[in-house]
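1. need a 3D model of the following:
(one chain, ligands or ions: 1)
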Amino acid sequence: MTSVWPRLEPLLPKVQKPARYIGCEDGAAAKPPDPALVNWCFIYPDAYEIGLPNQGLQILYEIVNERPDGTADRSYAPWGDLEALMRAEGIPLFSVEHHTPGHEFDLLAFNLSAELTYTNLVNCIDLAGVPVRAADRTEGHPLIVAGGHCTYNPEPLADFLDAVVLGDGEEVVGEITELVAAHKGRPGATRASLLLALAGIESVYVPSLYDVTYDGPSVASITPRHPGVPAIVTKRTVADLADWPYPRNQLAPLTEVVHDRLNVEVFRGCTRGCRFCQAGMITRPVRERPADQVRTMVTSGLARTGYDEVTLTSLSTADYSDVSSLVEGIMDDSEAGGGPTVSVSLPSLRVDAFGVAIAAQLQRAKRSGLTFAPEAGTWRMRQVINKLVREEDLYEAVDAAYSQGWQRVKLYFLIGLPSETDEDTLGIARLAANVAEIGKRHNKRASCTASVGGFVPKPFTPFQWFGQNTTAELQRKVNLLKDATRGMKGVTLKWHDPRATLVEGIASRGDRRIGAVIEQVWRNGGTFQEWSEHFDLELWNQSMADHGLSIDDVVHRHRRPDEVLPWEHLSAGLHKDFLWQDWQDALAEVGLPDCRWTPCYDCGACTGYGVEHVVASAVPPAGGSQGTGQDLGTGGAVPVRLLGRRPEAVAG
Ligand code: SF4
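-> Predicted coordinates:
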């Protein structure tokens, strides 16, 4: 196998940040590609500094490199300056460690975490010297596969992908490696036979093996073309995280990247049931990593990388059983080691699970900002979205934080949620003002940033039927907040561009017809769409119009209850009738409690997979609101639906 390095090296002094393209990270260990083995290239379709820290990619990269039958290298989307030089010199997309041309790998595997990277994915395939459409590929071309949260509706990318992995990849990556290894050695094996065999692996979806028909703006049917191909592809769930202590050797880059610290995943899944949150729905059930394994991973990771900061990652880390003891143990370990006290960050803090105990532990090291996600400005709106945190919880949490020395608190909110009124929107400004005011009681320089994003309805959530707000409506709500926060002392408002939210909506719930739109945007130069300096809404508007597709139909239309959704043939384990009932409860402003602490209501996530929640300690945290229905909200009892098991489960 070849290397592009001799031709690439002379170009690097001419581009920004050449360290993006040289590999050499601490922890990098790609085995040399070997034609006798199965060679993977894992690709994050965005700039190196965004993609390098991606934990999913690093986990699979390590697992494959540990296998005797596989090798794995990595690649990222080259920035425009290098891409122009590569195209001029005829240099294909390459891996960063061995600089192997993309087309020489057996598999190019993309991590899909954000819809706005879809045009970059197409560009990377093309730059690798591979036909962008799966139908145009022949024997000898690599398989183009994808995994990650966005693959729960892969239909907008169906034309470009050979296979899609749903759910946890740790086991599937080995099964695919074995299959491809057997295929490589089999006389007479064809690409078609390989695709058919891939479709036989649990949780692997091969888009070309399904026919899709349409009925106006919606899908009419999705049918497998072959008898052995599953009508419904279900996600893979790794039962016990303790079996997968990866990444063991987190990559420590030579140049600045986002999340530039040690990251250790403490649990997967979430049972809070926030109705807007796709990650929470599709990653159920909860699977916690044992505390002693977390501490070992932190200690060894810090010693190896030299980082003095660790993030304990999950969807809601303060929900980890006895998180306070875990943080205390990590601090003790670092102090016992004689080095500086490690700084521990907990992302996405729930205000009702954060208290003085955690704040006191975290403040033993340097204090960065703290982020909470109340998501909505009024209790009514938080009932609709099932984020059942009380205003008092928020104020107590930020009071604990400011009292322990934090100066900056960031609050995340969504606008454009179902049934949202201007009172709900303006509630965001009111909450932010109150938080800043609490901070100033402790420190005159205390501040609060309210960060506001437009809501994009996602597949496999109760809000998958909701018609997204228009760009004009989202902009009007941003303007309301700009006016309301003007002159507020200590409050800063930040917002996501509503035009980008619109494009995310096209890709989030679009069907296969969106593939042609994505291809045209790419052909017209629309890459790096998640970067504001490159984002171009006009390219998307024009492409939708050229393909006779209506933005109203794809983005703003409420879906009918009986409608075949573009992801109807895929399953995240959740029963469709559970999601529909939860949508009705949302509209009725009825909350649904956390099923860690209440009877199972049979959403499907555990029952369908034979997996129970794996938690270190099944004891509700003291003081937190755990959905009893009596201790939530302002003004007494709150409607909360408490369900037992349903008499029968309906798949889908
Ligand atoms: S199946 Fe039951 S226990 Fe499991 S996530 Fe769903 S509601 Fe919770």
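2. mind giving me the packing neighbours of the host helix or strand of Leu312?
-> Assigned by DSSP states H and E, Leu312 falls within strand 309-313. Secondary-structure packing of strand 309-313 (3 or more CB pairs under 8 Å, 6 or more residues apart in numbering; DSSP states H and E): strand 262-265, helix 291-305, helix 323-336, strand 343-345. (Glycine included, C-beta is placed from N, CA and C.)
3. how about those, which one is nearest the ligand?
-> The ligand sits nearest to strand 262-265 of all the helices and strands packed on strand 309-313, at 18.9 Å, using CB to the nearest ligand atom.
4. that closest one pairs with which strands, and in what direction?
-> strand 309-313 (parallel) (DSSP bridges).
5. okay, now whichever residue of the stretch 101-250 of the chain sits closest to the ligand: neighbour count?
-> Of all residues in the stretch 101-250 of the chain, Thr237 sits closest to the ligand, with a separation of 11.0 Å (CB to the nearest ligand atom). Counted with other CB atoms under 10 Å, residues neighbouring Thr237 total 24.
6. wait, it sits on Gly169?
-> No: applying CB atoms under 8 Å, one finds Thr237 not in contact with Gly169, separated by 11.2 Å.
7. angles on the backbone of the nearest residue to Glu288 once chain neighbours are set aside, please.
-> Distance criterion CB to CB, 6 or more residues apart in numbering; nearest residue to Glu288, sequence neighbours excluded, is Phe267 at 4.2 Å. Per-residue torsions, Phe267: phi -160, psi 160 (degrees, to the nearest 10).
8. and what of Glu530?
-> phi -80, psi 0.
9. residue contacts, it?
-> 46, 114, 116-117, 500 (CB atoms under 8 Å, 6 or more residues apart in numbering).
10. among those residues, who's most crowded?
-> Going by other CB under 10 Å, Thr117 tops those with 27 neighbours.
11. how about the residues of the protein by the ligand?
-> 271, 284-285, 595, 600-607 (CB under 6 Å from any ligand atom).
12. and with 5 Å instead?
-> Residues of the chain lying close to the ligand (CB under 5 Å from any ligand atom) are 284-285, 595, 600-601, 603, 605-606.
13. wait, doesn't Arg304 sit right on Pro247?
-> No: at 11.0 Å, Arg304 and Pro247 do not qualify as touching, with contact defined as CB under 8 Å.
14. now the common contact residues for those two.
-> Residues touching both Arg304 and Pro247 (CB under 8 Å, 6+ apart): Gly27.
15. neighbour count winner among these two?
-> A count of neighbours by other CB under 10 Å puts Pro247 above the other of Arg304 and Pro247, at 22 against 15.
16. so what's the residue nearest to the more buried one when sequence neighbours are not counted up against?
-> Setting aside the residues directly before and after it, Pro247 is nearest to Gln58 in space (CB to CB, 6+ apart), at 4.4 Å. Listed by CB under 8 Å, 6+ apart, the contact partners of Gln58 are 246-247, 250-251.
17. also Arg499?
-> 471, 535, 537.
18. one more time with 6 Å, if that's ok
-> 471, 537 (CB atoms under 6 Å, 6 or more residues apart in numbering).
19. just use 5 as the starting number from now, easier for me
-> In the new count, where the first residue is 5, that last one comes out as Arg503.
20. pretty sure it is in a strand, no?
-> No: looking at Arg503 with DSSP: H, G, I helix; E, B strand; the rest coil, it is helix, so not inside a strand.
21. how far away is it from Phe164?
-> From Arg503 over to Phe164 the distance is 24 Å, taken as CB to CB, to the nearest Å.
22. just Lys448 next, same as before
-> 54 Å.
23. neighbour count for those two, which is higher?
-> A count of neighbours by other CB under 10 Å puts Phe164 above the other of Lys448 and Phe164, at 26 against 10.
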